[in-house]
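Asks: no sequence on this one, just coordinates:
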Ligand code: AMP
């Protein structure tokens, strides 16, 4: 039983399954799931000025400028100060963002308690992302090889049409992987140095990966 705020960062390359596992972790520990990728996609689909600014970076597989993402994160955290803690999914993506996150949490008397690193090889990522399909209406994500929809091209949840996300195209995925290696992977060393990094294999069935994450979380609590 969690008695004080618990803030978790989920790190891993694109396609490691962060979104799915972050949702499950947040539900299991009654935390807020905070995905900057989802928030940005929402801004894009609403055609907001932030969304219009962000869209080009996202479609090219580049990071959206820190100031834009930071503003969005601050707004979201301030709207949710009562949360028992968050699962940060897709944030931080570089060392400056990690510093900003530390500061934001410190203002709330909180801190990054644990960083879960979902490890998946590059070959596995390319294979996974090429099978990924997303619902244009509700954002649900499927994978033709391991989480297929019941009906081809149709979302189980809302009946919307499934499509390949613009940034899941192969050349964009390669760019996202290289951005990950250069900008995000150095965070592993930062959090390892603080003694809060837990590496979990992201390979295998969704339930199995989740049970590894749960074990890593519980090991920390004991
Ligand atoms: P994701 O769904 O987390 O893979 O994010 C999709 C895209 O949104 C990324 O490729 C970036 O263009 C952008 N994005 C998401 N989170 C961040 C972040 N923390 N900083 C900068 N760009 C981000």
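Replies: Arrived safely. The structure displayed is predicted, hence computed values, not measured ones.

Asks: list the buried ones in stretch 206-221?
Replies: 209, 210, 212, 213, 216, 217 (16 or more other C-beta atoms under 10 Å). All C-beta atoms are positioned from the backbone trio N, CA, C, and that covers glycine.

Asks: can these go into TSV with extra columns for distance to residue 176 and pLDDT?
Replies: Converted to TSV, those look like this (distance: C-beta to C-beta, whole Å; pLDDT from 0 to 100):
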residue	distance to residue 176	pLDDT
209	20	96
210	24	97
212	24	96
213	22	96
216	25	93
217	27	89
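
Asks: farthest pair in the residues you listed?
Replies: Taking C-beta to C-beta, the two most distant members of those are 209 and 217; they sit 12.9 Å apart.

Asks: Which parts of this structure are helices?
Replies: Using DSSP state H, the helices of the chain run over 18-29, 36-46, 49-60, 66-79, 95-107, 122-130, 170-179, 186-193, 206-221.

Asks: coming back round to it: out of the buried residues of stretch 206-221, which is nearest to residue 180?
Replies: Using C-beta to C-beta, the buried residues of stretch 206-221 come closest to residue 180 at residue 209, 18.6 Å.

Asks: For the ligand, see how far away that closest one is.
Replies: 17 Å (C-beta to the nearest ligand atom, to the nearest Å).

Asks: Give the closest residue to that residue in space, chain neighbours not counted.
Replies: Leaving aside its sequence neighbours, residue 209 sits nearest to residue 202 (C-beta to C-beta, 6 or more residues apart in numbering; 5.6 Å).
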